[in-house]
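J.: give me a model of this one.
(2 chains)
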Amino acid sequence: MSDRLIPAWSLTAEAAGSIGIPAEWPDRITKDWAIGDATGEGVDVCILDSGVDGDHPFVGGLESAVAVTLEGEETVVGPDEIGDVCGHGTACAGIVRSLAPACRIHSVRVLGEGNTGSADLILGGLRYAIEQRFEVVNLSLSTTKRKFAELLHELADSAYFRGTVLVASAHNMPVESYPWRFSSVISVGSHEGTDSWEWYANPNPPVEFFARGIDLDVAWYGGSTLRATGNSFAAPHIAGLSALVLSKHPGLTPFQLKSVLYLTASNTGGNQ
Amino acid sequence: MTDGSSYQEAVAAGMLPSEESHRALLQSIVDVARAIFGAKASSIFLLDREADELVFEAVSGEGEGDLIGMRIASSTGIAGWVLVTGQPIVIDDLQQDPRFARAAAERTGYVPQGLMAVPLANGDTMLGVLQVLDRAKDRAFSLGEIDLLILFANQAAIGLDLLQTARRARAVAERGEGSEAVVARIAALLRNTEDEVAGLRLLEALETVLSRLAR
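T.: Numbering: from 1, shown residues only, chains lettered A, B, ... in the order given. So this is what the prediction gives:
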């Protein structure tokens, strides 16, 4: 292959035997195979949100915390000196931690600079998270600004091919918004149950999965806890489950991970 | 003030319902939101793009009368998060949030227990946030309630969009100096005069004279 000058858009006969991918798949993918005894250890999960209070007992420490700010028209990533500006990021981090206790949590704060330019901050933060090669990025947010859709789409595809799983909360408003609608991300809505370990595959996308998103006790700003509801809390459940799967089965691609989540959902017979 | 759209906006401004009518529409929206959810209060924040701040535009219930015009940050706190992320959220036990509780107490002396917040959007433009505070607890919370809030938010968004369009149009008419502004002001006078028919006849006569002159 090394003497070929064109990119790997095709496969020669002699190369076909040299690109074997080691994979040991059981006859049946079950929940136990996917996440049994998994802790999330070794997996980096990024919370792209309002910042995270790492000292909150539900969060139990952060691996890193940065803030995205605007300097002129450029987005700049620097240490987060402020922390959570809403409480929501801390809630998401706490949910991830409750499912994947040993994962490493990183915070990328993209709120706090005003509404103007907020979509730029989301893009800048996502670009940073993909460059860091975090395995899982939780995006409990979306933008309705159409001019950002194409850039977000490119970023989502690049994450997909680089092995970063983007978990995005689905919008239940009747407006077009992104990135949850892209097929390269895992989109999550809420089911009405109260079991954090239960998730469903949706036979009618674009919302692909339903996870717990109602009446949750979540971590919040200033060490407090609140009871909260919203799709934005369903996404970190799937992010935490993704961390579990990836800690037990490192190297799975986003495509494979999505398939495992599908096969182990409560409504596809994999709930065992 | 020279292009066709300015002219149309200016003329439209004269024919638009007054600021008071729009305020009444928004007030009605928060009143009904409060009634639907059996809530203690409901409010609409409008995004002031120039200042990049959220402004209380309508309030029903607790804080009514005191909060209109009050401003808060557009990307922090719960309302800011809802505006920037476009995601609806429901939160209970709000008094546990020290920053929210302090700010709410300073504003109204009233710290709600629970809050539902939903973005108000027109197409891809975020206009503001609708909040419902302390909904009735005598029924189990369900996804249907969020769906209802979202349906209702669409109506509020339309009201807010109309209000903003009217304000822009009125600004064109009131600040303009060209002939369009004059026409707009005449249109407004006509709308507000009791003898509308006589006013219109006068204008028609003027148009006849002018069109003869133009020949």
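
J.: where does the prediction get shaky in chain B?
T.: Across chain B, the ranges flagged by pLDDT under 70 are B:1-17, B:138-141, B:172-196, B:198-199, B:215.

J.: assign the most centrally placed residue in it to helix, strand or coil.
T.: When Cα atoms, centre = their mean is applied to chain B, the residue found nearest the centroid is B:L160 (3.3 Å). For B:L160, the assignment made with DSSP: H, G, I helix; E, B strand; the rest coil gives helix.

J.: and B:R102, by the same measure?
T.: B:R102 - assigned by three-state DSSP - is helix.

J.: what is the neighbour count of it?
T.: Neighbourhood size, B:R102 [other Cβ atoms under 10 Å in any protein chain shown]: 12. Backbone N, C-alpha and C define where each C-beta goes, glycine included.

J.: hmm, back to that, check contacts around the residue nearest to the centre of chain B.
T.: B:L26, B:I44, B:L46, B:E57, B:L120, B:N122, B:L127, B:G128 (Cβ atoms under 8 Å, 6 or more residues apart in numbering or on different chains).

J.: mark which of those residues are buried, thanks.
T.: Among the contacts of B:L160, those classed as buried by 16 or more other Cβ atoms under 10 Å in any protein chain shown are B:L26, B:I44, B:L46, B:E57, B:L120, B:N122, B:L127, B:G128.

J.: which of those sits closest to chain A?
T.: Nearest to chain A among these, counting by Cβ to the nearest Cβ, is B:N122 at 8.8 Å.

J.: need the phi and psi values for the closest one.
T.: As for B:N122, its main-chain torsions (degrees, to the nearest 10) stand at phi -120, psi 100.

J.: out of the buried ones among the contacts of B:L160, which sit inside helices?
T.: B:L26 (DSSP state H).

J.: also near chain A: which of the buried ones among the contacts of B:L160, exactly?
T.: Contacts with chain A are made by none of the buried ones among the contacts of B:L160, judged by Cβ under 8 Å from any Cβ of the partner chain.

J.: show me where chain B has helices.
T.: B:4-15, B:19-36, B:77-85, B:98-108, B:143-175, B:179-192, B:196-214.

J.: ok, chain A next?
T.: Ranges of helices in chain A, per DSSP H, are A:13-16, A:31-35, A:88-99, A:118-131, A:149-162, A:231-248, A:254-263.

J.: weakest of those helices by average pLDDT?
T.: For the helices of chain A, mean pLDDT drops lowest on helix A:13-16, to a mean of 83.

J.: in strands, which of the buried ones among the contacts of B:L160 fall?
T.: Members of the buried ones among the contacts of B:L160 lying in strands (criterion: DSSP state E): B:I44, B:L46, B:E57, B:L120, B:N122, B:L127, B:G128.

J.: ok, and the closest non-adjacent residue to the fifth one?
T.: Leaving aside its sequence neighbours, B:N122 sits nearest to B:D161 (Cβ to Cβ, 6 or more residues apart in numbering or on different chains; 4.5 Å).

J.: rewinding a little: farthest pair within the ones in strands among the buried ones among the contacts of B:L160?
T.: Greatest spatial distance among these (Cβ to Cβ): B:E57 and B:N122, at 14.6 Å.

J.: out of the ones in strands among the buried ones among the contacts of B:L160, flag the one nearest to B:G80.
T.: So of those, ranked by how close each gets to B:G80 (Cβ to Cβ), first place is B:G128, at 11.3 Å.

J.: how close does the closest one get to A:Q132?
T.: Taking Cβ to Cβ, to the nearest Å as the measure, B:G128 and A:Q132 are separated by 35 Å.

J.: just B:D48 next, same as before
T.: 36 Å.

J.: neighbours around the closest residue to A:R104 other than its chain neighbours, how many?
T.: The shortest distance from A:R104 to any non-neighbouring residue, by Cβ to Cβ, 6+ apart, is to A:E63 (4.0 Å). If you count neighbours by other Cβ under 10 Å, A:E63 ends up with 14.

J.: my guess is A:E63 contacts A:H106, does it?
T.: Yes. Using Cβ atoms under 8 Å, A:E63 is in contact with A:H106, at 5.2 Å.

J.: okay, and the common contacts of these two?
T.: Listed as contacting both A:E63 and A:H106 by Cβ under 8 Å, 6+ apart are A:D44.

J.: turn the ones in strands among the buried ones among the contacts of B:L160 into TSV, including distance to A:F182.
T.: As requested, those are exported to TSV (distance: Cβ to Cβ, whole Å):
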residue	distance to A:F182
B:I44	32
B:L46	31
B:E57	34
B:L120	25
B:N122	23
B:L127	25
B:G128	27
